[in-house]
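Enquirer: prediction below, plus the sequence it came from.
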Amino acid sequence: MTSNAAGKSTEPDLGLLLATDTPRVSDIAIRALDVIGAAVLLLLLSPILAVIAVAIKLDSRGPVIFWQQRLGRDLRPFRVAKFRTMGTNAATETHRVHVERMIREGHGDGQTRPMAKLHGDPRVTRVGSFLRRTSLDELPQLWNVLVGEMSLVGPRPPIQYEVDAYPARAFRRFAVRPGITGLWQVSGRSLTTFSEMIDLDVRYVETRSLLLNLKILVLTVPTVLHGKGAE
């Protein structure tokens, strides 16, 4: 903990950062949209999910679903589900260094380093590369939405080592449930800097509503189809 000249703590007040002004009625409506939307999508997409599962098993050894601990609302840890896109027992050190560098070089005014994914990652399988490019690897997170750990719309849930490198203002992201898609995803994704991503996530937290969520969901479709910012 650091202190200023007056002896007062300069650490962020997480209570204030994690507070949300979303009306109770909007919270209930958004949760209803999440439950109904996730259930319907899981049902409608079940044939596609089955095909993806078979493709993953034929392409490489290992489980179809990859579970990874992330941080959600109020910094609570939970296990996020994704289709496996890497070989089993893939090391995380390369990704950790890459993310920490992006945060360091993409934070603050005038920074221009985009939130690009790690290119040429040898850990990614052939099927995994396609799933990442099309965002299909995120579909199992509909289960996380159904059980209340995530929302259809919200900031992406980060890994602990990402949060360890966060500036204070980034903690505002944890005032709401993390989402499968969000304002950042439909506004450029990896074409934006870390600082711009935080600005978009904070704007979402502070203007969150059922109507905004519906708009983002509609915009997600062409974003995914065009692959905007997916690389």
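Expert: That came in fine, so what should we check first? Residues are numbered from 1 along each chain as shown.

Enquirer: can you list the buried residues in the helix ranked longest in the chain?
Expert: With DSSP state H setting the assignment, residue counts place helix 24-44 as the longest helix in the chain. By 16 or more other Cβ atoms under 10 Å, the buried positions in helix 24-44 come out as 26, 30, 33-34, 37-38, 41-42. No exception for glycine: its C-beta is placed from N, CA and C like everyone else's.

Enquirer: with stretch 208-226 instead?
Expert: 208, 210, 212-213, 216-217, 220, 223-224.

Enquirer: tell me the one of those residues nearest residue 127?
Expert: residue 224 (17.5 Å; Cβ to Cβ).

Enquirer: what's the strand or helix carrying that closest one in contact with?
Expert: Residue 224 is located in helix 210-226, with elements delineated by DSSP states H and E. Residues outside helix 210-226 that contact it (Cβ atoms under 8 Å, 6 or more residues apart in numbering): 26, 29-30, 33, 37, 134-135, 151-153, 181-183, 185-186, 189, 204, 229-230.

Enquirer: rewinding a little: quick one: distance of the longest helix of the chain to the chain centre.
Expert: Distance, stretch centre to chain centre, for helix 24-44: 18 Å (Cα atoms, centre = their mean, to the nearest Å).

Enquirer: tell me where the model's unsure across this structure.
Expert: Counting by pLDDT under 70, the chain shows low-confidence ranges at 1-23, 89-92, 94, 104-120, 189-190, 227-231.

Enquirer: 50 - rerun?
Expert: 1-10, 109-110 (pLDDT under 50).

Enquirer: now restrict the contacts of helix 210-226 to buried residues only.
Expert: 26, 30, 33, 37, 135, 151-153, 181-183, 185-186, 189, 204, 229-230.

Enquirer: then stretch 146-157 to PDB, C-alphas only?
Expert: The C-alpha coordinates for stretch 146-157 follow below in PDB (Å, rounded to 0.1, in the frame of the first residue of the first chain):
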ATOM      1  CA  LEU A 146     -27.300 -20.000 -17.700                       C
ATOM      2  CA  VAL A 147     -25.900 -20.700 -14.200                       C
ATOM      3  CA  GLY A 148     -25.400 -17.000 -13.500                       C
ATOM      4  CA  GLU A 149     -21.600 -16.700 -13.600                       C
ATOM      5  CA  MET A 150     -21.700 -14.600 -16.800                       C
ATOM      6  CA  SER A 151     -24.000 -12.500 -18.800                       C
ATOM      7  CA  LEU A 152     -24.600 -12.500 -22.600                       C
ATOM      8  CA  VAL A 153     -23.200  -8.900 -22.600                       C
ATOM      9  CA  GLY A 154     -20.400  -7.500 -20.400                       C
ATOM     10  CA  PRO A 155     -16.700  -7.100 -20.100                       C
ATOM     11  CA  ARG A 156     -14.600 -10.200 -20.800                       C
ATOM     12  CA  PRO A 157     -13.600 -12.200 -17.700                       C
END
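
Enquirer: nothing else from me, thank you.
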